[in-house]
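Peer 1: pasting the sequence and the predicted model now:
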Amino acid sequence: MPPLQDEIAELLRMPENGAGAPSLDAVESTLTSGYAAALELEAERWRIERRLGEVARDAGEVAAHTVASELAELSERLETAGDELSRLRSLLPSLHARARLLRRARG
């Protein structure tokens, strides 16, 4: 798991309140970082998908083994980014809920 996802998981394992509970600042900062990372991953997926289209479009102008190699690498990168984005998206709602609880507890 990437470090940010580890950090989110650790915050979610901490008590909701009392001793050992994370601060609102820590949760909100990590939540902001999580949303930024999700946007970066979405942008990366978009760039990879665009490049896949370019490679497919230009396939007739390049050696077959070069095209196959690049398509394989791009497909792997796309899958990795997609998996990471899915894991991040599965954690962010829980962290958002934790931030809401901490805000309410603050008054």
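Peer 2: Nice, I can see it.
Peer 1: where's the residue nearest to Arg45 when sequence neighbours are not counted relative to Glu61, distance?
Peer 2: Nearest residue to Arg45 in three dimensions, chain neighbours excluded: Ala81, at 4.9 Å (C-beta to C-beta, 6 or more residues apart in numbering). The C-beta positions use only the backbone N, C-alpha and C, and glycine is treated the same way. Ala81 sits 27 Å away from Glu61, going by C-beta to C-beta, to the nearest Å.
Peer 1: which one of the two is surrounded by more residues?
Peer 2: Set Ala81 next to Glu61 and count neighbours by other C-beta atoms under 10 Å: Ala81 wins out with 20 against 7.
Peer 1: thought the more buried one was touching Glu49?
Peer 2: No: Ala81 is beyond contact range of Glu49, at 9.9 Å (criterion: C-beta atoms under 8 Å).
Peer 1: what's the pLDDT at the closest residue to Leu85 other than its chain neighbours?
Peer 2: In space, and not counting its chain neighbours, Leu85 is closest to Leu41: 4.2 Å by C-beta to C-beta, 6+ apart. Listed pLDDT for Leu41 reads 98.
Peer 1: now do the helices in this protein.
Peer 2: Residue ranges of the helices in the chain, as given by DSSP state H, are 3-13, 24-57, 64-106.
Peer 1: other SSEs contacting the longest one?
Peer 2: When contacts are defined as 3 or more C-beta pairs under 8 Å, 6 or more residues apart in numbering; DSSP states H and E, helix 64-106 sits against helix 3-13, helix 24-57.
Peer 1: can you check what angle separates it from helix 24-57?
Peer 2: Here the directions of helix 64-106 and helix 24-57 differ by 160 degrees (axes from the mean of the first three to the mean of the last three C-alpha atoms, to 10 degrees).
Peer 1: one step back: in JSON lines, list the helices and strands packed on helix 64-106 along with distance to Arg89 and mean neighbour count.
Peer 2: Formatted as JSON lines, these follow (distance: least, C-beta to C-beta, whole Å; neighbours: other C-beta atoms under 10 Å):
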{"stretch": "helix 3-13", "distance to Arg89": "11", "mean neighbour count": "15"}
{"stretch": "helix 24-57", "distance to Arg89": "6", "mean neighbour count": "15"}
